[in-house]
Each structure stands twice: as C-alpha cells, then as structure tokens.
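Engineer: Any chance you can model this:
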Amino acid sequence: MKSLITRINREVKCPIDVHCHNDFGLAVANTIAAVEAGASQVQVTVNGIGERAGNADLAQTVMIMESMYRIRTGIKKERLVETSRSFPVQRSCDPAIQPVVGENVFSHESGIHSHGVLRNSHVRTWYHDPGDGWAPAQADSWQASGGTQSGRC
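Structural biologist: I've put the predicted structure just below:
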C-alpha cells in the first residue's frame with residue numbers, strides 16, 4: 001500500500017483518499033501506510049463494519065494516528081467508546097475484544113502483564129499521554145483476571 005500511494009502521489013497533484021477493506025485483517029494497517037505515503041483522506045467505519053470482511057475501524061485508525069504518529073484528526077476521542085457501543089454488534093465481532101474501545105483492552109490475564117501493572121501502573125496500557133486529555137473510561141480501572149495465562153483458574 002505504501003509503495004502504491006507513494007507512486008500515485010508522485011504522479012497526481014490532488015488529494016489522495018483511501019478506502020481499505022479488511023479481507024486479510026489489514027485494513028487499518030493499510031490505511032496508516034497510505035497516510036505515511038501521503039494520503040490526506042481516509043475512509044473508516046465505526047467498528048470496522050462494512051461489506052465483505054469490513055473496513056478500517058474508526059477508533060483504531062484515530063488512536064494510531066493520534067497517539068503513535070501525533071497526527072491530529074479532529075475526532076473527539078472521548079466519544080469513541082460511546083460511538084462504538086451505540087452500533088449493533090457485527091455478526092462475528094465480540095465487542096469486548098475490539099482494539100481501543102473493547103472492555104478487555106485494559107484487562108490483564110497473563111501473569112507477567114499483571115505483575116508489570118502492579119509494579120508500575122504506567123505499563124498498564126499501550127496508551128498513556130496525560131497531556132492530551134483523553135483516555136478511555138476503562139483505562140484507569142484495569143482488571144487482573146485469573147485464568148489459564150495467569151496460573152490461576
């Protein structure tokens with residue numbers, strides 16, 4: 001995707017828009033690669049809902065662009081979880097395991113993860129930027145769950 005958009009960007013002098021499908025689970029990755037290569041517009045959907053295997057997910061794309069690339073999207077991040085949960089559950093999607101907005105994003109079952117969180121609360125999440133005023137509601141209430149990965153069942 002990155003090389004394709006780079007070539008197109010060299011040849012055409014107009015905004016480049018991408019619309020990626022998730023047939024191979026790469027819609028968000030391809031969308032981000034396109035932005036890296038010069039795409040200035042991206043098409044995303046709430047919860048990745050779309051035809052075939054879906055499209056690039058709004059929350060995932062926004063949070064990658066904002067927290068990893070420091071690209072300001074203008075999206076109200078504090079509304080991502082609410083927006084995600086206001087849409088019907090997709091036929092094969094467990095909303096608890098959805099990246100960024102799922103209930104399980106900040107839960108830890110593995111012993112090493114739970115140990116790290118207990119020793120240093122800043123390691124509890126992939127997202128920690130207190131300066132921008134956004135954190136999902138569940139970020140401060142992480143859960144350690146006893147399960148097959150924690151040595152407690």
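
Engineer: Next one, pLDDT for Ile5 please.
Structural biologist: Ile5 is assigned a pLDDT of 96 by the prediction.

Engineer: In contact with the closest residue to it other than its chain neighbours, which residues?
Structural biologist: Once flanking residues are discounted, Ile5 sits nearest to Ala37: 3.7 Å by C-beta to C-beta, 6 or more residues apart in numbering. All C-beta atoms are positioned from the backbone trio N, CA, C, and that covers glycine. When contacts are counted by C-beta atoms under 8 Å, 6 or more residues apart in numbering, Ala37 touches 1-6, 9.

Engineer: for Leu26, same thing?
Structural biologist: Remark: with contacts taken as C-beta under 8 Å, 6+ apart, Leu26 is in contact with Cys20.

Engineer: if I look at it, how far off is Ser86?
Structural biologist: Per C-beta to C-beta, to the nearest Å, Leu26 is found 26 Å from Ser86.

Engineer: same deal with Ile5?
Structural biologist: 32 Å.

Engineer: and these two? which has more neighbours close in?
Structural biologist: Ranked by neighbour count (other C-beta atoms under 10 Å), Ile5 and Ser86 place Ile5 first, with 19 against 10.

Engineer: What values do phi and psi take at that one?
Structural biologist: The phi/psi pair for Ile5 (degrees, to the nearest 10) reads phi -70, psi -40.
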